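In: Everything below, folded, please.
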Amino acid sequence: MRGAAFGSYAVNALDPTDVLLAFDRRIGELGLDDQSRERIRQLVTARATRALKGR
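Out: Numbers count the residues shown, from 1 in each chain. Sure thing, here's the model as predicted:
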């Protein structure tokens with residue numbers, strides 16, 4: 001078995017906090033008003049979280 005590659009899987013739930021904070025900083029640079037930023041967050045956050053969880 002030496003040298004055999006084994007697949008690895010995440011043992012614990014992934015924490016999307018850092019990714020979502022970075023995304024929020026990026027959309028903050030766009031100069032949008034608060035309502036527009038919130039709408040983008042609503043549309044993207046659930047989808048990004050699902051993607052990070054591999055669904």
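In: only C-alpha atoms for contact and neighbour calcs from this point on.
Out: OK.
In: Let me see the residues that make contact with the longest helix seen in the chain.
Out: Ranked by residue count and defined by DSSP state H, the top helix of the chain is helix 34-52. Contacting residues not belonging to helix 34-52 are listed as 14, 16, 20, 24, 27-28 [C-alpha atoms under 8 Å, 6 or more residues apart in numbering].
In: rerun at 7 Å
Out: Applying C-alpha atoms under 7 Å, 6 or more residues apart in numbering, the external contacts of helix 34-52 come out as 16, 27.
In: Do me a favour and average the pLDDT over that helix.
Out: The predicted model assigns helix 34-52 a mean pLDDT of 82.
In: Dump that helix to CSV, keeping only the CA atoms.
Out: The C-alpha coordinates for helix 34-52 follow below in CSV (Å, rounded to 0.1, in the frame of the first residue of the first chain):
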residue,chain,number,x,y,z
ASP,A,34,-26.8,49.5,1.0
GLN,A,35,-30.0,48.1,-0.5
SER,A,36,-28.2,46.9,-3.6
ARG,A,37,-25.4,45.3,-1.6
GLU,A,38,-28.0,43.5,0.6
ARG,A,39,-29.8,42.2,-2.5
ILE,A,40,-26.5,40.8,-3.9
ARG,A,41,-25.8,39.1,-0.6
GLN,A,42,-29.3,37.5,-0.5
LEU,A,43,-28.9,36.2,-4.0
VAL,A,44,-25.3,34.9,-3.6
THR,A,45,-24.9,33.8,0.0
ALA,A,46,-27.1,30.6,0.0
ARG,A,47,-25.7,29.5,-3.4
ALA,A,48,-22.0,30.1,-2.3
THR,A,49,-22.6,28.2,1.0
ARG,A,50,-24.1,25.3,-0.9
ALA,A,51,-21.2,25.2,-3.3
LEU,A,52,-18.7,25.2,-0.4
